[in-house]
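Participant: This is a predicted model, with the sequence first.
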Amino acid sequence: MTQETDWQERYQIKDTPWDKGKPAPGLVDWLKKQTLDPETRVLVPGCGRGHDASAWATAGFKTTGLDLADLALSDARKRYKSVPNLAFLRGNFLDENPQEPFGLIFEHTLYCAIDPVRREDYARSLLNWLKPDGYFLAIHFIFPLNDEGPPFGGSREEIINRFKPNLKLIEDWKPSHFEGRKNEEWMFLWQRIS
Ligand SMILES: C[S@@+](CC[C@H](N)C(=O)[O-])C[C@H]1O[C@@H](n2cnc3c(N)ncnc32)[C@H](O)[C@@H]1O
């Protein structure tokens with residue numbers, strides 16, 4: 001049985017503890033030293049109110065934030081309306097296909113937020129949205145898997161085993177983190193190989 005979360009309702013009742021009102025510190029650090037092709041098109045699935053997507057666009061990348069929740073998207077569009085190269089789309093990362101796949105997917109607390117029984121669907125969907133040689137940059141929550149989420153947690157090993165059939169792990173590390181998330185965030189950079 002899957003555990004569906006009503007994300008629109010979470011935004012409606014303002015029960016959004018994951019939202020820190022700014023981009024993830026690990027992403028901010030990474031963007032300062034990245035050497036990507038400036039033409040890389042970026043997708044941020046589960047973008048919520050758009051803080052991370054806005055950081056990508058501000059760094060110069062054509063960026064699409066994707067989310068299921070209309071309320072999150074309307075907040076994102078309002079707050080970041082002056083940021084160029086940034087679009088917010090309503091869509092389901094697990095069930096839809098893009099018209100054109102992306103050169104990089106950045107994820108932050110989407111994988112840990114979806115029901116663990118759908119994690120293989122997530123790994124499959126990633127291949128629909130990502131170009132054959134594209135990058136997957138992720139900040140995952142690392143703590144014991146539980147069934148009381150979201151967030152549901154997971155381990156570094158589980159994540160590596162999940163994605164390694166189709167992606168090569170370039171690097172993984174402990175990033176700078178939001179207050180209160182010490183030892184909970186782990187960052188991974190992958191490149192698709194098949
Ligand atoms: C825990 S929140 C994280 C939001 C954002 N990444 C952040 O850190 O502020 C998870 C987000 O993923 C969205 N979401 C959940 N399942 C999704 C799916 N299948 N496709 C697209 N978005 C999804 C939710 O609406 C919610 O905004």
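Facilitator: All right, it came through fine. Numbering: from 1, shown residues only.

Participant: which residues in this protein form helices?
Facilitator: 7-12, 25-33, 51-58, 70-79, 119-129, 156-163 (DSSP state H).

Participant: buried stuff in the fifth one?
Facilitator: So the one you mean is helix 119-129. 119, 122, 123, 125, 126, 127, 129 (16 or more other C-beta atoms under 10 Å). The way it works is simple: take the backbone N, C-alpha and C, and place the C-beta from them, glycine included.

Participant: how close does the residue nearest to residue 145 when sequence neighbours are not counted sit to residue 6?
Facilitator: Nearest residue to residue 145, sequence neighbours excluded (C-beta to C-beta, 6 or more residues apart in numbering): residue 153, at 5.0 Å. According to C-beta to C-beta, to the nearest Å, residue 153 and residue 6 sit 20 Å apart.

Participant: out of those two, which sits in the more crowded spot?
Facilitator: When neighbours are counted by other C-beta atoms under 10 Å, residue 153 and residue 6 differ, and residue 153 comes out ahead with 19 against 11.

Participant: Spell out which residues of the chain are next to the ligand.
Facilitator: 7, 18-19, 45-48, 66-69, 72, 92-94, 108-110, 113-114, 150 (C-beta under 6 Å from any ligand atom).

Participant: Try it again at 8 Å.
Facilitator: For the chain, the contact set with the ligand under C-beta under 8 Å from any ligand atom comprises 5, 7-8, 10-11, 16, 18-20, 24, 44-49, 51-52, 66-69, 72, 91-95, 107-110, 112-114, 150-151.

Participant: Isn't residue 52 up against residue 23?
Facilitator: Yes - judged on C-beta atoms under 8 Å, residue 52 makes contact with residue 23 at a distance of 4.9 Å.

Participant: Neighbour count: the two, which is higher?
Facilitator: residue 52 (25 against 19).

Participant: where does the more buried one land on pLDDT?
Facilitator: Note for residue 52: predicted pLDDT of 98.

Participant: Identify the residues contacting it.
Facilitator: Taking C-beta atoms under 8 Å, 6 or more residues apart in numbering, we find residue 52 in contact with 23, 24, 27, 44, 65, 106, 108.

Participant: change it to 10 Å
Facilitator: Residues counted as contacts of residue 52 (C-beta atoms under 10 Å, 6 or more residues apart in numbering) are 22-24, 27-28, 31, 42, 44, 46, 63, 65, 106-109, 139.
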